[in-house]
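Visitor: based on what follows, work out the 3D shape:
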Amino acid sequence: MKQPSCLTGSMTRLVKREDREWKDLDTMLVSLPRIYPIIEREIGEERDEDELKSLEAAREWLQPVWMYHGYETGRFRMMEEEE
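Guide: This is a model prediction of the structure:
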């Protein structure tokens, strides 16, 4: 049975959007081993209250991903070995 063209177009857009989101996630994960330690270090050195709040918010947002991929999956170790 042939699908209506409007349904096919909607499915294509959905797949393209999902593919783009996965690529964005992969980009973030590749950057995380560089970014997260910098955030941690800057939190310890920062004196400006507003900057400190921004850094702490970033750490709070990234920490679950960092912990999961760094310790539970070993993904970051595998990425380092590939380099």
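Visitor: how about the helices in this protein?
Guide: 5-45, 49-67, 75-82 (DSSP state H).
Visitor: lowest average pLDDT across these?
Guide: Ranked by mean pLDDT, these bottom out at helix 75-82, with a mean of 55.
Visitor: what's the end-to-end length of stretch 39-53?
Guide: Using Cα to Cα, to the nearest Å, one end of stretch 39-53 lies 11 Å from the other.
Visitor: can you give me the buried ones in it?
Guide: By 16 or more other Cβ atoms under 10 Å, the buried positions in stretch 39-53 come out as residue 39. No exception for glycine: its C-beta is placed from N, CA and C like everyone else's.
Visitor: which residues touch that stretch?
Guide: Residues from elsewhere that reach stretch 39-53 (Cβ atoms under 8 Å, 6 or more residues apart in numbering): 55-56, 58-59, 62.
Visitor: mind redoing it with 7 Å?
Guide: Here stretch 39-53 makes contact (Cβ atoms under 7 Å, 6 or more residues apart in numbering) with 55-56, 58-59.
Visitor: out of the residues you listed, which end up buried?
Guide: Buried residues within the contacts of stretch 39-53, counting neighbours by 16+ other Cβ under 10 Å: 55, 58.
Visitor: and which of the contacts of stretch 39-53 is nearest to residue 35?
Guide: Proximity of those to residue 35 (Cβ to Cβ) peaks at residue 58, which lies at 8.4 Å.
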